[in-house]
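**Student:** sequence and predicted structure, then a few things I'm wondering about:
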Amino acid sequence: MHRRTWQKEETQVCQKLGGERRGPDQSGRDQTGKNDCVDTPGFSVEVKLTKSLQYSQLWGYVDEAKAAASKLELPIAVVRKPGESKDRRMVLIDFEDFWKFYGGVAPGWESNTGGTGEGPLPEGEFEAVEDE
């Protein structure tokens with residue numbers, strides 16, 4: 001795969017999330033990786049354009065996003081196979097992380113679902129939605 005192909009994929013995904021591609025600045029002082037996008041509040045994003053979608057490999061992508069995530073970022077991996085439409089990307093999230101961020105705090109959900117509500121949005125950012 002040509003280098004520019006995956007760089008374009010990272011750029012497009014980051015822009016859709018309201019941010020920008022990080023570029024070559026990929027590891028910090030402690031040699032831990034950094035996520036692929038900057039200025040995507042609430043998300044640590046790992047973008048992958050890969051021919052192989054093996055289960056263990058998918059978990060590896062999620063783990064990369066987790067390693068780069070701050071406490072207030074939901075780690076996600078955005079994956080697409082080369083040749084697939086850009087409208088057919090998958091977002092991978094560890095269910096435990098999803099539950100920690102969103103379980104029980106979204107409008108209309110039962111209040112006893114067990115989520116902590118410690119996700120990227122401060123408590124009180126949600127408004128009740130009335131059924132019409």
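**Tutor:** Sure, I can see it. What you are looking at is a predicted structure, and each value in this text was computed from that prediction instead of being measured. Numbering: from 1, shown residues only.

**Student:** packing partners of the lowest-mean-pLDDT helix or strand in the chain?
**Tutor:** Least confident helix or strand of the chain, by mean pLDDT, DSSP states H and E, is helix 95-102 with a mean of 87. Judged by 3 or more Cβ pairs under 8 Å, 6 or more residues apart in numbering; DSSP states H and E, helix 95-102 is in contact with strand 74-80. Any C-beta I mention is one placed from the backbone N, CA and C, and that applies to glycine too.

**Student:** and Asp63, that's in a helix?
**Tutor:** Yes. Under DSSP: H, G, I helix; E, B strand; the rest coil, Asp63 falls within a helix.

**Student:** give the burial count for it, as a bare number.
**Tutor:** Asp63 sits with 14 neighbouring residues when counted by other Cβ atoms under 10 Å.

**Student:** what's the answer for the one 4 residues further on, then?
**Tutor:** Taking other Cβ under 10 Å as the neighbour definition, Ala67 ends up with a count of 14.

**Student:** strands of this protein, residue ranges please.
**Tutor:** Listed in chain order, the strands of the chain (DSSP state E) span 20-21, 37-38, 43-49, 74-80, 90-92.

**Student:** now render these as a markdown table, adding mean pLDDT, mean neighbour count and distance to Glu10.
**Tutor:** Listed next are the strands of the chain as a markdown table, based on pLDDT from 0 to 100; neighbours: other Cβ atoms under 10 Å; distance: least, Cβ to Cβ, whole Å:
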| stretch | mean pLDDT | mean neighbour count | distance to Glu10 |
| --- | --- | --- | --- |
| strand 20-21 | 93 | 16 | 5 |
| strand 37-38 | 92 | 20 | 7 |
| strand 43-49 | 94 | 24 | 5 |
| strand 74-80 | 96 | 24 | 9 |
| strand 90-92 | 96 | 13 | 15 |
